[in-house]
Structure formats: C-alpha cells, structure tokens
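>>> The sequence and its predicted three-dimensional model are supplied below.
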Protein chains: 2
Amino acid sequence: MASSIHDLARHLNISIGTVSRALNGRADVNAETRQRVLEAARKLNYSPNQSGRSLRQGATRSIAFMLQPHPGDQQYGEPFFIPFLTGLQARLAESGLDLIVVMGAPGDYQQERLRRVVETRRADAVVLAWTRRDDERIDYLTERGFPFATLGRSRSGGKSYPSLDLDFEKAGVDAVDRLVARGHRRIAAIRPSLDLNFGHLFMTGYRKALRRHGIEVDPSLIAEDFINEAGGYQVIPRVMLSKDRPTAIIFNNDAMALGGCKALAEMGIRPGQDIAVIVIVDTPLCRYFSPALTGFRPALEPMGQRLAEMLLASLPAYAGPEGPRTIREVWPLELVARESD
Amino acid sequence: MASSIHDLARHLNISIGTVSRALNGRADVNAETRQRVLEAARKLNYSPNQSGRSLRQGATRSIAFMLQPHPGDQQYGEPFFIPFLTGLQARLAESGLDLIVVMGAPGDYQQERLRRVVETRRADAVVLAWTRRDDERIDYLTERGFPFATLGRSRSGGKSYPSLDLDFEKAGVDAVDRLVARGHRRIAAIRPSLDLNFGHLFMTGYRKALRRHGIEVDPSLIAEDFINEAGGYQVIPRVMLSKDRPTAIIFNNDAMALGGCKALAEMGIRPGQDIAVIVIVDTPLCRYFSPALTGFRPALEPMGQRLAEMLLASLPAYAGPEGPRTIREVWPLELVARESD
DNA sequence: CGTTTTTCCGTAAACGTTTACGACAACACA
DNA sequence: TGTGTTGTCGTAAACGTTTACGGAAAAACG
C-alpha cells in the first residue's frame, strides 16, 4: 500500500542508498539525481517509515509530554496545558521533532505510563508536569539516564535536568502585599496538597509576606482540598464558619476559586464587595467571571517554547553550538488587577 | 544501554527465536524454558523495542487522537476532551494499544499534522474530533484507506467509518421546549460557525422546535461568534440591543455562556432572574457558576470507551468475533436542571 | 599520457523484532 | 525395528531505513 524506498528506487532505476542520500540532503549525490528523486518522492507521495528510521538511528525523533488528569479530579482536566503544548510543539517542530502527548491513568502518578514510554523507547525524551515536592518520576528517569525536562520545580537532590517554573512564591508575596495594602489583615489561603510543589511555594511566599507585615499566621485560615471546583466549594465553609472570619481569600487555582465563589454566593457573601478574592493562576475564567477575578497571568505559550529549547540543548543529539546551558528558569507571574479585590 | 532480545538470549544460552516465542506466549515452547525467559526478562528489565516490533509487524500498536486548539481560540483549550481521552485510553489499553495525542497547529484544520501521522505511519488509526459539516480530513483518510473514527458526525457521502456523536438536535429541541413551557417566546441562540457539525445540528433542533410551537424564527435572535469566552462576550450586545429583546438565551457551549453572562451582568441583566439561560454542553463550570447554569450533560468517559470499541471492531487486525458492527451511534444529552432558567 | 583527486553511486551490513521452516530428539505405535 | 507423531528449538529471512565502505568513471594535474 504505502510506498517504500525500494519502490522509489525501482521506479528511478537507482539504488536505495542513493535515494536515501538524496532525500537526506547528503553532499555526495549529483544535483540532477537529487532533483529526480525529490520529484519522484513527491509524485508517489513517499515519506519514510518512521519505524524503520527509528530502528536504524536509535532515536524516535519525538518527545513525549505526560498529561495527567487533575490530581483528585474525576471529571475534567486542565485547559492550562493547551497553550503550553502549542508552544512546546512549535519549537520542537522547528528541529524536526514530533510532540506526542501520553495520557496518564488517573490515580497512579502515571508511573505506569511513563515506564511504558521509556522502556519501549517510544520517545527520545519526556516532559513532566505537576511536579511534586519529592517526585519519584524524576528519580526514576535520572536513575535510568533517560532525558527529560519538567514544567515546575522539585526538591531535587543534586540532580541536573532542565526545568521551567513560575514564581509562585513571589506571587504569594505579591498577593499578600496587595491585600495588606488595602487594609486586610485576616487573609485566608486555599491550596492543594503541599506535595504539589507549586502549592508549597505559594505557601512559603504567603507566610513570608504575612510575617514581614507583622501578621501572625493563623492555621484556621489555611485550608487544603482537591484542586478542582468541588474542592474549592467544599473548603469554603471550613474557613468561613470560624468565629473570626477572613476578609480576603487567596485561591491557588482558578478551578478552586470558581467553586469557592459559588460557596460564598450561597452564604450571601459577594466577592469584591464583602470579601476580597485573588487567584494565583489566571485563566480566561477569571477574566470573564462576575466579578472579574484579580489573578496572576503566566505566559504559557512562550514557556512551552522555552522549555523545548532547554530540553533540546540538553540532548547531545540536537544540541546546537555548545553555549552555556541554562538548566533552571523561574518566570515571573504578572498580576492582573480586576474587580474582585 | 537498554537490553535487547539478544542480550536476553545470550544470558540464557538460548536462541532469540525461542526467547521471542516465549515472551509472546506461543504454544511451541517448553513450560520450563518460558519460565526462565520470563524471569530473566524481569531481572534484566527487558521490554521489546517498539520500533523493531512495529517494523516487523507492520503495525505500531498505537492509536492517535488529533487534538486541536479551539477553533478561533488563541489561548486556552477544551477540558471537554480529558475525560473522553481517559475512556479512550482505558479501552485501548485493554487491547494492548497505546493512545497518543497529537497536537494540531492552531489554524490549519490540522491537516498537516494529520498527514504527518498518517504518512510516517506513527499510528495504526486516528481519532478525529471537531468534525465539520464537510470535513476534508475525512475525505483524505478514506481516500488513502487509513483507518479512523470520529467523535462527532459529518455530512459523509456514503463513506463508512465508526463515529460517535451526541444528539445535539434533540438537545436543541429539548431546550426550546423547556423554555416555551416556561412562557418564553423570544429565545435567542448563540452558536459557533455552522461549519462545525454540532452547531448545525443544534440549530436544526432549535428551528424545528420553534416551528412546532408556532413561533417564527427571528434571525436577529441568532448570532454566531468564536467558540470561546471572548466570543460569547462580544456577541451578547448584538442580540440584546435589538428593540425586541429575547427573554431567554441558549448557548451552544459553556465557554461562550461564561462570556455571555459576563456581558449580561455588565448590562445589569441577571441570568436566572431577568433572563433565562441554558447551555447545551454542560461542564463543571456550569454547575459552579452563580447562578448554576442549566445544561445538557454528556457521558464523556463512556463515550471514549465506546468509540474505542467501535474503532477496534473496524480494524481487521483487532476485530473480535465477527458480530454485526455498529458503525454510527448517537448518544442522548441528559438535561440537568439548575437555577439559570 | 600517466597519475592523482574528485564525484558519484552501488553494495551490504546493521538496527531489534517476529515468524516460517526445518531439524532433531523423544515417544508412540505397528 | 521401522514409521509416524509430537514437542521443542535453532536458523534465517524479512520489515524499511541509514551509512560505512569501496569502486568506477570523470576530472584535474603534472
């Protein structure tokens, strides 16, 4: 059915070696011959079988992104990643690499899928997200010497791999600073599990800023739940029913904020009027919510491009001129002021 | 680095043929030998190189889902697909198949990416979404005889391929019926491009129901825009500033509904009180919005499983007992009544 | 014209599997 | 003992590429 390099060679009365060299732009092939080969390839719409190619070269020329359903989420996923993937894809394509996204099974930190990709050599490198404070996936990959990069940091024991993260700690500080400047002193923090590294970073900033303002950290104002709408919804009563209510809430996530605002509305509390609300990671949801939610906007697509670049630079096969490699980057989160505070 | 079948054979003092047969569960291998092979494979943690395997067998044992950023969307994507993919993945894994997700470039109806997957034989079949009324991807695939299935129908000229869709027409009818029963007669419809088949189906139901109730279809109550928050936001003025305002609005999409409600709020119109709102495809967003939006909930994960089954049944290599193959299914959309109407 | 260099191309091996085929031993049966 | 059957395994080809190597012809050089 599909035409192989042999068909092409036979059709041109030429050896497959020459065809291959012509297609791959080698120097030692006559200009006219190359022309004929390229034309024939187009006419028979030939394109090389990826399996044959991978087998011979020992590389698949593709990078896998491990996509995981929201931890603790039963239903929907994270639109967050789409623009990131668009950027990743764009940059990889420039170097002739394909991006494949591998769905993790919900529940197990996708160890199983990851192992499968690595062991059957379906990709030359992988990109991880949802990095945890101690991440066994990182241990696994470094141990096996399999190339990877991460979106998000981790507490790494001297391991060296490209990683790109947002400055959640700074965002936590900025959020508190802003609220304090507006007169708030009882500021709640709604966060996911501290295992998730960005949750931990956020809380570090939160605490640090409070202390700097001479405000004692009140454990009853800090609550953890699933990182989705249901989590935000069910966590609010725990925070609001205490005797000394907060006057402001920082949500570590837009989905949690949505659920939280619902719970507030049901209690007759209006965000932006009766209580101030800030969201750490801004999405279109925040902008189009009523009231529009103040949040911190990440530059997702550029991040995808950048992480692709960093990953490529770390791969011997694709590394360009041996410049100094940045291995770790932390990008700022820009605050977008809106109505909710 | 990675151990091959030769290493395994050498380690066991056995031929690679026997090793392969043992691992693949062939009958003609001694029980004790098989045991030894399996143990050694575990110990050396051997797993077969996928490229070698694919090359020999002429099949990659993987299915590609073509994921496209929202048409007209610059920023974020569609969480809709995650549970669908979870179901798809689960069912494929049962048959030993891998699911890979391929990102399309925004803009071109991902023809380029699709071609690449097909021509380099990276997958044995593909799954398409966002089916259009006339879909060139379907033409391309049938022409080349490449197996595929679609999430969503298309106006197919006698082509035969597995497809699974939601009954958007019925949802359109039900939405109108419900609103009419509550006394509404001026019902607006906010939809995406009619090229997108689900948009077309929805409108068919909408018109049909209106006529059945003796209500004339008023073009000024129908508006098209991008299928995202911004689209919903900017389309509302066009519909609400006419002299004879609608008393109810049906949104064909949750993101458009979010944007639309924002625009309504800015005009001082409260959904659920001053105007009725129904959303065709329900997501957690609808449930946790204030007011909670009435919508039609799809069974996404089961749909993924089912479509995987239908696809598998259409592939000669994986087809089970040759039962009658359902080639086309349309699933109901269940209405979830909430506060917005 | 003889020698060296360059240009171009064919040959064949290799990548890691699976599998058709045949060989050999053990066993059953007459 | 001879013949057929069964169980188990090794051999080698094949999948579609890329690439090291060598060789023939053409070009350059003296």
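Arrived safely. Residues are numbered from 1 along each chain as shown, chains lettered A, B, ... in the order given.
>>> The helix or strand containing A:E39 and chain B in contact?
Per DSSP states H and E: A:E39 is located in helix A:31-43. No: counting by Cβ under 8 Å from any Cβ of the partner chain, no contacts exist between helix A:31-43 and chain B, the nearest distance being 11.2 Å. In short, each C-beta sits where N, CA and C put it, glycine included.
>>> just how off-centre is that helix within its chain?
Here the centre of helix A:31-43 is set off from its chain's centre by 42 Å, with Cα atoms, centre = their mean, to the nearest Å.
>>> likewise stretch A:252-263?
The chain centre lies 21 Å from the centre of stretch A:252-263; the measure is Cα atoms, centre = their mean.
>>> picking up where we left off before, need the contact partners of the helix or strand just after the helix holding A:E39.
Using DSSP H and E, the helix or strand that follows helix A:31-43 towards the C-terminus is helix A:50-57. Here helix A:50-57 makes contact (Cβ atoms under 8 Å, 6 or more residues apart in numbering or on different chains) with A:60-61, A:121, B:49-52, B:54-55, B:60, B:120-122.
>>> what subset of those residues is also close to DNA strand D?
Filtering the contacts of helix A:50-57 for proximity to DNA strand D (criterion: Cβ under 7 Å from any atom of the strand) leaves B:G52, B:L55.
>>> about what we covered before: does anything pack onto the helix holding A:E39? Which helices or strands?
For helix A:31-43, the packing partners by 3 or more Cβ pairs under 8 Å, 6 or more residues apart in numbering or on different chains; DSSP states H and E come out as helix A:5-12, helix A:16-23.
>>> Present those helices as JSON lines; the columns should include mean pLDDT and distance to chain B.
JSON lines is the format used below for the helices and strands packed on helix A:31-43 (pLDDT from 0 to 100; distance: least, Cβ to the nearest Cβ, whole Å):
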{"stretch": "helix A:5-12", "mean pLDDT": "95", "distance to chain B": "13"}
{"stretch": "helix A:16-23", "mean pLDDT": "97", "distance to chain B": "13"}
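>>> Next, the angle from the helix holding A:E39 to helix A:5-12.
Put simply, helix A:31-43 runs at 120 degrees to helix A:5-12, going by axes from the mean of the first three to the mean of the last three Cα atoms, to 10 degrees.
>>> who's A:L196 bridged to?
Per DSSP bridges, the residues bridged to A:L196 are A:R132.
>>> Please give me every residue in contact with it.
A:P71, A:W130, A:T131, A:R132, A:R133, A:I227.
>>> And for the fifth one, the neighbour number?
The local packing of A:R133 (other Cβ atoms under 10 Å in any protein chain shown) involves 16 other residues.
>>> ok so, going back, and the furthest pair within the contacts of A:L196?
A:R133 and A:I227 (14.7 Å; Cβ to Cβ).
>>> Show me which residues of the stretch 201-341 of chain A are close to chain B?
Within the stretch 201-341 of chain A, the positions near chain B by Cβ under 8 Å from any Cβ are A:228-230, A:232-233, A:255, A:258-259, A:261-262, A:265, A:283-285, A:287-290, A:292.
>>> Sort out for me which of those residues are in helices.
Judged by DSSP state H, the subset of these located in helices is A:229-230, A:232-233, A:255, A:258-259, A:261-262, A:265, A:284-285, A:287-288.
>>> Now for those, which sits with the most neighbours around it?
Among these, the one with the most neighbours (other Cβ under 10 Å) is A:C261, at 31 neighbours.
>>> before we move on, back to that, neighbour count, pLDDT and distance to DNA strand C added to the contacts of helix A:50-57, as TSV?
Putting those into TSV (neighbours: other Cβ atoms under 10 Å in any protein chain shown; pLDDT from 0 to 100; distance: Cβ to the nearest atom of the strand, whole Å) gives the following:
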residue	neighbour count	pLDDT	distance to DNA strand C
A:T60	24	95	12
A:R61	18	94	14
A:R121	20	91	8
B:N49	21	96	3
B:Q50	23	95	9
B:S51	24	96	7
B:G52	16	96	3
B:S54	24	96	8
B:L55	20	97	4
B:T60	23	95	12
B:T120	19	92	16
B:R121	20	91	14
B:R122	23	94	17
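>>> coming back round to it: quick one, which of the helices and strands packed on helix A:31-43 is nearest to DNA strand C?
With distances scored as Cβ to the nearest atom of the strand, the stretch of the helices and strands packed on helix A:31-43 nearest to DNA strand C is helix A:16-23 (2.9 Å).
>>> can you tell if the closest one touches DNA strand C?
Yes: applying Cβ under 7 Å from any atom of the strand, one finds helix A:16-23 in contact with DNA strand C at A:I16, A:G17, A:T18, A:R21.
>>> before we move on, back to that, closest to B:V102 out of the contacts of A:L196?
A:W130 (21.3 Å).
>>> Would you confirm that that closest one contacts A:Q68?
Yes: A:W130 lies in contact with A:Q68 (Cβ atoms under 8 Å); the separation is 5.8 Å.
>>> gap between the residue lying closest to A:A337 once chain neighbours are set aside and A:R185?
Using Cβ to Cβ, 6 or more residues apart in numbering or on different chains and skipping the chain neighbours, the partner closest in space to A:A337 is A:T294 (5.4 Å). Distance of A:T294 to A:R185, computed by Cβ to Cβ, to the nearest Å: 18 Å.
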